[in-house]
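J.: Just need the structure, nothing else, for what follows:
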Amino acid sequence: MLEFGTDGVRGRANLELTPEFALSFGRALAGVFRPETVVLGRDTRVSGPMLSNAVASGLSSSGVSVVDLGVIPTPGVAYISAIRGVVGVVISASHNPFEDNGIKVFAPGGLKLEDELEMQIHSLILSGNFDVVKADVGEISYDYTARDEYTSHLLSRCDISGARRQRVVVDCSNGAAVAVAPGLFSSLNLDVKFLGVTPDGKNINQDCGSVHPEKLIQTVIEGKADFGIALDGDADRMVAVDGDGNLIDGDQLMAIFALDMKERSQLVGESVVVTVMTNLGFRLAMEQNGIGVIETKVGDRYVLQMLEQLGLVLGGEQSGHIIFRDVATTGDGLLSAIKLVELLSRRVEPLGELARRAMVKLPQSMVSVAFDDPKRVSEVPGLSELVIELERSLADSGRILVRPSGTEPKVRVMAEAATKEMADYVVGQICSYLEKYR
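T.: Below you'll find the predicted structure:
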C-alpha cells in the first residue's frame, strides 16, 4: 500500500501506483473534501493519461466535476487551484525517472495538504468506504487555457523592459515545462535556446533537466551564453548555470535572492526559511549579512508552513524548490527562473560573480542508500553511536545528516566537512554500515 511522502504519493507506475489505486484515490479525495470541482494536471510521462483518467473517474463517480488541464507544471496547477478556490491534483513524479509516477494534492487556495488530511485520504483508501452516490456523476471537461492564465501570471511578475538583451539556455527536462516555458521565455527580452523540449513519454528527466545538467553546462559554454536554467520534470524546482559552466544550486540562488531583496528592503523580517539539507555555508553567509535563518524538515510544504506562520516571504531547498510567498503557494521553478532573469537584468555583475559573493559552499557529499523501509533507519543498531563518533572528528567544521527519503525507498546520507575528501569519507563509512541492515 502506497503512503504519502514529503511530496504526495509516489511509486512505480502500473506496478505500485496502479489505475485501481488512482481510482480509489479519487474517491477518497472526494470523500475527504466533498468538493464540487477539482482541477487536474500532469507531466509528460507515458503513464500520465492512464493515471489521470483513473483519478478523474474516481472523482466523477463520486459526483465531483473534474477540469482536466492537460500537461501543465505543478505550480501551474497550484496557481489555478488558488485563483479558482478549488482542489488541485497533479499526476507527476517530479525528478524521478519515467517508470515512476505520483499523485499530489493542493487544497483549495493552492496549498499542499497537511499531514492530517493525508492520513484521512489514506485511511479511506484502506477502508474502501467511499460513500459513492452512483446516480450522481460529475462532469469531466478540459481546459487547456489554464496554461495561458499561468503564463500571464508569471509574465506579470517580471519587468525587464529596457534591460540589456541576455543570452540564455533553458532546459525543460522533456517534462511539464514544455507546455509553458517556450512561450514564456520567448516573450521576454532574451536570446534564448531551449533544450529538453521533445518529450516522448519516456525521456522525462533523462540526461537533462535539473538532475542531469551536463548538456546544459556544455551548451552554455559552447554557445557563450550569459547563463542557463534547468527545470525538473514537473517544473517546481530550478537550478542555474553561470557563463563559465558552474552549477548554481538552490542554496546559492536563495542567497543571491535574499541579499538582493534585503538590499531593496523587500526581505520581510530579514529572515529566510530553509531545510536541514541547506549547506552550512549558506547559514554562515546569512549570519555575516544580518539575515536570520529558520530551519524546517525536508519538503517545500514545511518551508511554506513556516513562512506562513512567521509572515516571511522567501524560503526554499538546496534542490531548487524556492518559494516567493508573496507570489506563489509552492515551489515554482519557472517563477524562480524569471525572478533570476529580472535580477540579472538589474545587476552589472554576471551570475557567477553574484554567486561567489553571496556564499561559500562547504564541501558536501550525499549518497542515497537503497533501503526496504527507510522509516526504520533510526532503529538501526549502533548507527547513532557511529554518527556521533564521526561528528566528533568534524568538530565545528561540518555536520552529518541521515534521513529517510520521503519520495523513494532510500535513505539519504549527507555530510559537510572542511574538505571534500573528509565529507566523502564520512558518507562512505555510514553507507557501508547501513548496507548491512538494509
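J.: Roughly how far does S161 sit from I229?
T.: Separation of S161 from I229 (Cβ to Cβ, to the nearest Å) stands at 20 Å. The way it works is simple: take the backbone N, C-alpha and C, and place the C-beta from them, glycine included.
J.: So for those two, which sits in the more crowded spot?
T.: Remark: of S161 and I229, I229 carries more neighbours, 30 against 8, as counted by other Cβ atoms under 10 Å.
J.: Tell me who's in contact with the more buried one.
T.: Contact analysis of I229 by Cβ atoms under 8 Å, 6 or more residues apart in numbering lists V168, V169, V170, D171, M238, A240, V241, A337, L340.
J.: wait, I160 sits on L340?
T.: No. Checked against Cβ atoms under 8 Å, the pair I160 and L340 is beyond contact range at 11.0 Å.
J.: Look at G58 and tell me its secondary structure.
T.: Secondary structure assignment for G58 (DSSP: H, G, I helix; E, B strand; the rest coil): helix.
J.: show me what contacts the closest residue to it other than its chain neighbours?
T.: Nearest residue to G58 in three dimensions, chain neighbours excluded: G26, at 2.3 Å (Cβ to Cβ, 6 or more residues apart in numbering). G26 sits next to A54, V55, A56, S57, G58, L59, S60, S61, S62, V64 when contact means Cβ under 8 Å, 6+ apart.
J.: Spell out which helix or strand contains the second one, please.
T.: In this structure, V55 is located in helix 48-60 according to DSSP states H and E.
J.: Could you tell me which residues make contact with V239?
T.: By Cβ under 8 Å, 6+ apart, V239 lies in contact with S210, P213, A230, L247, I248, D249, G250, L253, G320.
J.: how close does the fifth one get to I323?
T.: Read it as I248. Remark: distance between I248 and I323 (Cβ to Cβ) = 18 Å.
J.: ok, now the first one?
T.: The spacing between S210 and I323, counted by Cβ to Cβ, is 16 Å.
J.: so is the closest residue to N205 other than its chain neighbours in a helix, a strand, or just coil?
T.: Nearest non-adjacent residue to N205, counting by Cβ to Cβ, 6+ apart: G233, 4.9 Å away. Here G233 is coil, with the state taken from three-state DSSP.
J.: neighbours around G233, how many?
T.: When counting by other Cβ under 10 Å, one arrives at 34 neighbours for G233.
J.: is it true that it touches N203?
T.: No. Counting by Cβ under 8 Å, G233 does not reach N203; the two are 10.4 Å apart.
J.: Report whether E408 is found in a strand, as I expect.
T.: No. E408 sits outside any strand when classified using three-state DSSP, being coil.
J.: How many residues are close by it?
T.: 18.
J.: What ranges does the stretch 1-150 of the chain have for its helices?
T.: In the stretch 1-150 of the chain, the helices defined using DSSP state H, counting those that start in this stretch lie at 19-33, 48-60, 74-84, 115-127, 146-155.
J.: list the buried ones in the first one?
T.: Neighbour-count burial for helix 19-33, with 16 or more other Cβ atoms under 10 Å as criterion, is recorded at 19, 21-33.
J.: swap in the third one?
T.: Neighbour-count burial for helix 74-84, with 16+ other Cβ under 10 Å as criterion, is recorded at T74, P75, G76, V77, A78, Y79, I80, S81, A82, R84.
J.: circling back: can you list the helices of the stretch 1-150 of the chain in a markdown table and add mean pLDDT?
T.: Listed next are the helices of the stretch 1-150 of the chain as a markdown table, based on pLDDT from 0 to 100:
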| stretch | mean pLDDT |
| --- | --- |
| helix 19-33 | 95 |
| helix 48-60 | 97 |
| helix 74-84 | 97 |
| helix 115-127 | 90 |
| helix 146-155 | 95 |
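J.: before we move on, the earlier item: by neighbours, which of the contacts of V239 wins?
T.: A230 (30 neighbours).
J.: A370 pairs with what?
T.: K410 (DSSP bridges).
J.: circling back to that earlier point, can I get the buried residues of helix 19-33 in JSON lines with distance to G331?
T.: Converted to JSON lines, the buried residues of helix 19-33 look like this (distance: Cβ to Cβ, whole Å):
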{"residue": "P19", "distance to G331": "28"}
{"residue": "F21", "distance to G331": "26"}
{"residue": "A22", "distance to G331": "24"}
{"residue": "L23", "distance to G331": "29"}
{"residue": "S24", "distance to G331": "28"}
{"residue": "F25", "distance to G331": "23"}
{"residue": "G26", "distance to G331": "25"}
{"residue": "R27", "distance to G331": "29"}
{"residue": "A28", "distance to G331": "25"}
{"residue": "L29", "distance to G331": "22"}
{"residue": "A30", "distance to G331": "27"}
{"residue": "G31", "distance to G331": "28"}
{"residue": "V32", "distance to G331": "24"}
{"residue": "F33", "distance to G331": "23"}
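J.: ok, of those residues, which one's closest to L386?
T.: F21 (37.8 Å; Cβ to Cβ).
J.: Return the distance of stretch 430-438 from the chain's centre.
T.: On the basis of Cα atoms, centre = their mean, to the nearest Å, stretch 430-438 sits 28 Å off its chain's mean C-alpha point.
J.: Need phi/psi at V377.
T.: Phi and psi for V377, reported as degrees, to the nearest 10, are phi -60, psi -30.
J.: same deal with E349?
T.: Here E349 shows phi and psi, under degrees, to the nearest 10, equal to phi -70, psi 140.
J.: May I have the residues that are in contact with it?
T.: For E349, the contact set (Cβ under 8 Å, 6+ apart) comprises R357.
J.: Against I83, how distant is it?
T.: For E349, the distance to I83 equals 36 Å [Cβ to Cβ].
J.: before we move on, what about L383?
T.: For L383, the distance to I83 equals 47 Å [Cβ to Cβ].
J.: what do you get for V360?
T.: As judged by Cβ to Cβ, V360 and I83 stand 40 Å apart.
J.: and if you look at Y437?
T.: With distances taken as Cβ to Cβ, Y437 is found 48 Å from I83.
J.: now do F194
T.: The gap separating F194 from I83 is 28 Å, by Cβ to Cβ.
J.: distance between the ends of stretch 235-255?
T.: 21 Å (Cα to Cα, to the nearest Å).
J.: roughly how far is it from the heart of the chain?
T.: 14 Å.
J.: Could you pull up the contacting residues of R42?
T.: Contacts for R42 (Cβ under 8 Å, 6+ apart) come out as G48, P49, L51, S52, G70, V71, I72, V90, I91, S92, A176.
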